[in-house]
Structures are given as structure tokens and as C-alpha cells.
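[1] Predicted model and sequence below, questions to follow.
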Amino acid sequence: FSRQLTNYMFIGDRNAMPIIPLKMVQTSLTYGMSPFSGVGFALFGNYLALVKGEVEEGYRYVKIALSLMKRMPSIAHDSEIMYYSAHTRLRVE
């Protein structure tokens with residue numbers, strides 16, 4: 001389900017692109033972090049850095065995602081976090 005949800009972001013309207021990651025981040029902040037939370041932070045960081053051009057702000061979200069990945073490792077979601085954060089990390093580092 002998560003793969004389909006995140007893939008939909010890249011197909012649809014560019015203005016609607018941040019809705020899914022923002023909802024993921026909002027849900028994580030409201031109800032607590034889960035192993036899937038890092039994916040939302042990484043996706044939102046990617047959006048900020050690569051679409052909006054706010055590279056430093058996006059990189060901060062990517063670092064949060066990577067930190068969450070270390071604190072709550074998940075075989076199911078770690079690869080997604082690494083994949084989505086790699087684009088922003090390559091631009092910054």
C-alpha cells in the first residue's frame with residue numbers, strides 16, 4: 001500500500017504532490033512515530049529540495065528521516081527512506 005501511495009505522488013498534479021507526505025508527517029507528529037514515519041519525512045524533504053528549491057530545509061527533513069530510520073529500523077521501510085533521501089543528500093553533500 002505504501003509503495004502505491006507514494007508512487008501516486010509522482011503521477012498526479014505537481015501542486016498536490018506534497019499532500020501525501022505532509023499528511024504522513026502530520027499523523028506521525030500527532031499520534032507518534034512509527035517505522036513508516038521516516039518515509040514521509042524523506043518524501044517531504046525531497047519535495048522541498050528538488051521541486052521547491054528549498055534545499056537546506058529539505059535536507060533537514062531528510063536528516064530527520066535518517067535519524068528515525070536508525071532509531072526504529074524496519075526491513076520494510078528502510079530501503080524506501082534511503083531511496084527517497086538519496087536524491088536530496090546527493091544534492092547537498
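    Received, thanks. Numbers count the residues shown, from 1 in each chain.
[2] okay, CA-based contacts and neighbour counts for the rest of this
    OK.
[3] separation between Glu57 and Glu93?
    14 Å (CA to CA, to the nearest Å).
[4] Which strands or helices does the helix ranked longest in the chain pack on?
    In terms of residue count, the longest helix belonging to the chain (DSSP state H) is helix 55-71. Applying 3 or more CA pairs under 8 Å, 6 or more residues apart in numbering; DSSP states H and E, we find helix 55-71 packed against helix 37-46, helix 78-92.
[5] where are the low-confidence patches of this protein?
    1-15 (pLDDT under 70).
[6] ok, back up a step: more neighbours, Glu57 and Glu93?
    Taking neighbours as other CA atoms under 10 Å, Glu57 and Glu93 compare with Glu57 leading, 14 against 6.
[7] The more buried one and Asn46 touch, don't they?
    No - applying CA atoms under 8 Å, one finds Glu57 not in contact with Asn46, separated by 9.7 Å.
[8] ok, Leu90 - how many residues close by?
    8.
[9] show me what contacts it?
    By CA atoms under 8 Å, 6 or more residues apart in numbering, no residues touch Leu90.
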